[in-house]
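Engineer: got a structure for you, letters missing:
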């Protein structure tokens, strides 16, 4: 209405904005931004919000719902991800890959407060079609962490991933440790190029991970003490390689048989160790003097190197050495041929061999075989856990309990002796 009345009728006149905009306004609450309400909500809606805002403001729990209107994509890129700080660059790359591959493309265009059960249900269906249960479980945990951070940033009042009773959240698949029979180990080894056969010996004879095999140097072999010092691994960070401590940031010592030491000597006689220099832990350019000191390159005389020199890349070993050997030994089916275009040559394609994915038959199967032999020989679970580099014996027990030999009656005899001595 106009401030001045009509000069003829004396009544206030309607302006062009009559009936438009928001009619009711709530203001004056400490720490709470003013808010206006549409006419259709009436004073009841404004008064209800006023009471709720006053109560939550007084208790320090007020969260302005308008702060939750930020797109999930923008929140991740502008606030959540910049606030993350990873000591391990490999972990950082893994998390970023999961979030930008499986979360941002499917949920990124929703507002934070618009992601409800139905949106999560549709997203889980997509995950089921595009990712395995392990990856799906990780993505669910990352999304929950993002929403929890939004609560801490006072953009949400609840985490839609918490206390879900109607959704079937993918469970992390149980560890499927399965040892190989000796014949299979020998068949895969025989199918490899001779220069890489020592990898199998080290995996099954010392329980080393493939990254630890590639980082093993001459100085790590104690021939006199018949043991191997596992002190580093070769890890991939992005597209580059670096030396780093073994998984769990723990070094360890593994006792090994004379046969394995002899195999190492024979390999070194044919191909002497090569000096390889790599950054420590993180190959990215340092930003501070401290980072420059921590990432300073180290040089080690590696026992196993790539055909053209340098450290072996795990992904290249897997596709060019390990999987062809599995196929040749009959562990997995023969590869199929596929045409794939060159990235920088439009219209030109190349033929590549695609092998069946088989996680249970990865290099880790050799490590499982090492554990099974040790446990079958009745080595203490604490000792086996130490040799494998597990953080706690309970981890070893959980993974390998089914490989432990059955009880042979010694406990029964001990109990009988106890009763007899007490009678």
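Structural biologist: That came through, no problem. Only a predicted model underlies this, so the values are computations on that prediction, with no experimental measurement involved.
Engineer: buried ones in the lengthiest helix in the chain?
Structural biologist: Counting residues, the longest helix found in the chain (DSSP state H) is helix 133-152. Neighbour counts over helix 133-152 (16 or more other C-beta atoms under 10 Å) mark 135-140, 142-147, 149-151 as buried. From N, CA and C alone the C-beta is placed, and that goes for glycine too.
Engineer: which one of these is nearest residue 338?
Structural biologist: residue 135 (22.6 Å; C-beta to C-beta).
Engineer: pretty sure that closest one contacts residue 99?
Structural biologist: No: look at residue 135 against residue 99 with C-beta atoms under 8 Å: they stay out of range, at 11.7 Å.
Engineer: Next, the contact list for residue 307, please.
Structural biologist: By C-beta atoms under 8 Å, 6 or more residues apart in numbering, the residues touching residue 307 are residue 195.
Engineer: what's the burial count for residue 320?
Structural biologist: By other C-beta atoms under 10 Å, the residues close to residue 320 number 15.
Engineer: go on, the one 4 residues further on?
Structural biologist: Taking other C-beta under 10 Å as the criterion, the count of residues near residue 324 is 19.
Engineer: Then the one 3 residues further on?
Structural biologist: The criterion is other C-beta under 10 Å. On that basis, residue 327 has 18 neighbouring residues.
Engineer: Poorly predicted segments of the stretch 101-250 of the chain, please.
Structural biologist: For the stretch 101-250 of the chain, the stretches flagged by pLDDT under 70 are 173-176.
Engineer: Repeat that for the stretch 251-400 of the chain.
Structural biologist: Across the stretch 251-400 of the chain, the ranges flagged by pLDDT under 70 are 343.
Engineer: would you list every one of the helices in it?
Structural biologist: Taking DSSP state H, counting those that start in this stretch, the helices of the stretch 251-400 of the chain run over residues 258-270, 289-294, 314-317, 323-328, 364-376, 381-388, 393-400.
Engineer: swap in the stretch 1-150 of the chain?
Structural biologist: Using DSSP H, counting those that start in this stretch, the helices of the stretch 1-150 of the chain run over residues 42-58, 72-75, 89-98, 104-107, 117-130, 133-152.
Engineer: Save those as CSV, and put in distance to residue 367 too.
Structural biologist: As requested, the helices of the stretch 1-150 of the chain are exported to CSV (distance: least, C-beta to C-beta, whole Å):
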stretch, distance to residue 367
helix 42-58, 54
helix 72-75, 39
helix 89-98, 19
helix 104-107, 35
helix 117-130, 29
helix 133-152, 18
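Engineer: Residue 257: which of those helices is closest?
Structural biologist: Residue 257 lies closest to helix 89-98 among these, at 32.0 Å (C-beta to C-beta).
Engineer: So what touches the closest one?
Structural biologist: Counting by C-beta under 8 Å, 6+ apart, 81, 84, 86, 135, 138-139, 142, 235-238, 242, 281-282, 284 sit against helix 89-98.
Engineer: what's the longest helix of the chain packed up against?
Structural biologist: Here helix 133-152 touches helix 72-75, helix 89-98, helix 117-130, going by 3 or more C-beta pairs under 8 Å, 6 or more residues apart in numbering; DSSP states H and E.
Engineer: Show me which residues of the first one are buried.
Structural biologist: If you call a residue buried by 16+ other C-beta under 10 Å, then helix 72-75 has these buried ones: 72, 73, 75.
Engineer: residues contacting the last one?
Structural biologist: Right, residue 75. Contacts of residue 75 were listed using C-beta under 8 Å, 6+ apart, and they are 112, 146, 150, 155.
Engineer: again, only using 7 Å
Structural biologist: 112, 150 (C-beta atoms under 7 Å, 6 or more residues apart in numbering).
Engineer: Tell me the spacing between it and residue 216.
Structural biologist: Distance of residue 75 to residue 216, given as C-beta to C-beta, to the nearest Å: 44 Å.
Engineer: ditto for the first one
Structural biologist: Distance from residue 72 to residue 216, counting by C-beta to C-beta: 44 Å.
Engineer: Where do the strands of the stretch 101-250 of the chain begin and end?
Structural biologist: 221-222, 227-230, 233-237, 240-244 (DSSP state E, counting those that start in this stretch).
Engineer: Compare these and give me the one nearest residue 335.
Structural biologist: Set against residue 335 and scored by C-beta to C-beta, the strands of the stretch 101-250 of the chain come closest in strand 233-237, at 23.1 Å.
Engineer: Can you list the strands that the closest one pairs with?
Structural biologist: strand 240-244 (antiparallel) (DSSP bridges).
Engineer: buried ones in the partner strand?
Structural biologist: 241, 242, 243, 244.
Engineer: what is the orientation angle of that strand with helix 89-98?
Structural biologist: 140 degrees (axes from the mean of the first three to the mean of the last three C-alpha atoms, to 10 degrees).
Engineer: for the chain, what's the longest strand?
Structural biologist: Assignment by DSSP state E gives strand 345-354 as the longest strand of the chain.
Engineer: what's the offset of it from the middle of its chain?
Structural biologist: Centre-to-centre, strand 345-354 and its host chain are 30 Å apart (C-alpha atoms, centre = their mean, to the nearest Å).
Engineer: Would you give the sheet partners of that strand, along with the direction of each?
Structural biologist: If you go by DSSP bridges, strand 345-354 pairs up with strand 336-342 (antiparallel).
Engineer: Outside of the strand it pairs with itself, list whatever touches it.
Structural biologist: In contact with strand 336-342 (C-beta under 7 Å, 6+ apart) are residues 348, 349, 350, 351, 352, 353, 354.
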